[in-house]
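**Q** Sequence and predicted model, in that order:
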Amino acid sequence: EVQLLESGGGLVQPGGSLRLSCAASGFPFSSYAMSWVRQAPGKGLDWVSATSASGGTTYHADSVKGRFTISRDNSKSTVYLQMNSLRADDTARYFCAKGTSWELHDFWGQGTLVTVSS
Amino acid sequence: QSALTQPASVSGSPGQSITISCTGTTSDVGGYNYVSWYQQHPGRAPRLLIYDVISRPSPISTRFSGTKSGNTASLTISGLQAEDEADYYCSSYRHRNTLVFGGGTKLTVL
């Protein structure tokens, strides 16, 4: 059974940092691209970042470039999102998703909530 | 980055067919065949319905189908069922290696 389990969310002050993790199981992790997609409360989906299967290529939305970094550890079947210089508009549920290519998300985790507030 | 344009809401009665549009530009929907559609029930994770404009993952019902004409992609749901009531999102590859989602469409089954 495919599982994606996000963790690391919580309450952080503006300007602070958080590191999200997504532990994968039930599929050959190193063969799949992985992505982070967020959803602000009551709003739509917003693509954040993606990484190729090997981790050698990464992609980031303009809104997070220079602040967020996606990475993966294929030996641990885990993908990460390092979030720095957090702002109030980064408040959202952050979903981890897998796909045969980075722009495709064929399975999603349940998400972890990030709240940026003083 | 501006989102793709979807109607805020659509509705239909059980058994009917409905179509949700997703309008972009030549830099995204019109320029590439990398359009996907997702279904999201309240409080749940999104689920992939359609990818590469017209392809359907194996567990997805044949009642869901996708098309594209010019800068507009469309999702059609035939034989509408109560369980189809949900939010629907399109996404598309956009030039310079970015991905953009539509604003979402709330489907109400009357």
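**A** Arrived safely, thanks for sending.
**Q** When you work out contacts or count neighbours from here on, use the C-alpha atoms and nothing else.
**A** Fine.
**Q** May I ask which helix or strand encompasses the residue nearest in space to the middle of chain A?
**A** Closest residue to the average C-alpha location of chain A: residue A:36 at 3.0 Å, with C-alpha atoms, centre = their mean. Assigned by DSSP states H and E, residue A:36 belongs to strand A:33-39.
**Q** what about the residue nearest to the centre of chain A, distance to residue B:55?
**A** According to C-alpha to C-alpha, to the nearest Å, residue A:36 and residue B:55 sit 23 Å apart.
**Q** excluding its backbone neighbours, what's nearest residue 74?
**A** I went with chain A, as the question did not name one. Nearest residue to residue A:74 in three dimensions, chain neighbours excluded: residue A:30, at 5.5 Å (C-alpha to C-alpha, 6 or more residues apart in numbering or on different chains).
**Q** Hmm, no, I was thinking of chain B.
**A** Nearest to residue B:74 is residue B:21, by C-alpha to C-alpha, 6+ apart, at 4.4 Å.
**Q** now swap in residue A:84 and tell me
**A** With C-alpha to C-alpha, 6+ apart as the criterion, residue A:84 has its nearest non-adjacent residue at 4.4 Å, and that residue is residue A:17.
**Q** what number of residues lie near the one you found?
**A** Residue A:17 has 16 neighbours, counted by other C-alpha atoms under 10 Å in any protein chain shown.
**Q** Then the one 5 residues further on?
**A** Residues contacting residue A:22 under the criterion other C-alpha under 10 Å number 25.
**Q** Once you drop chain neighbours, what's closest to it?
**A** Computed as C-alpha to C-alpha, 6+ apart, the closest residue to residue A:22 that is not its neighbour in sequence is residue A:6, at 4.2 Å.
**Q** Distance-wise, check the one you found relative to residue B:52.
**A** Residue A:6 is 27 Å from residue B:52, by C-alpha to C-alpha.
**Q** Any stretches of the chain with poor pLDDT?
**A** The chain I'm using is chain A. Low-confidence segments of chain A, defined by pLDDT under 70, are absent.
**Q** nope, chain B
**A** B:1.
**Q** Try it again at 50.
**A** Chain B contains no residues with pLDDT under 50.
**Q** From chain A, how far out is the residue lying farthest from the centre of chain B?
**A** Distance from the centre of chain B peaks at residue B:96, with 22.4 Å (C-alpha atoms, centre = their mean). Remark: distance between residue B:96 and chain A (C-alpha to the nearest C-alpha, to the nearest Å) = 10 Å.
**Q** Same question for residue B:37.
**A** Distance of residue B:37 to chain A, given as C-alpha to the nearest C-alpha: 10 Å.
**Q** swap in residue B:88?
**A** In this view, residue B:88 and chain A are 10 Å apart by C-alpha to the nearest C-alpha.
**Q** And residue B:15, by the same measure?
**A** To chain A, residue B:15 is 27 Å away according to C-alpha to the nearest C-alpha.
**Q** Burial check on that residue, number of neighbours?
**A** Neighbours of residue B:15 under the rule other C-alpha under 10 Å: 13.
**Q** all strands for the chain, in order.
**A** Using chain A here. A:3-7, A:10-12, A:18-25, A:33-39, A:45-51, A:58-60, A:68-73, A:78-83, A:92-99, A:107-108, A:112-116 (DSSP state E).
**Q** was after chain B, sorry
**A** Applying DSSP E to chain B gives strands spanning B:9-12, B:18-23, B:35-40, B:47-50, B:64-69, B:72-77, B:86-94, B:98-101, B:105-109.
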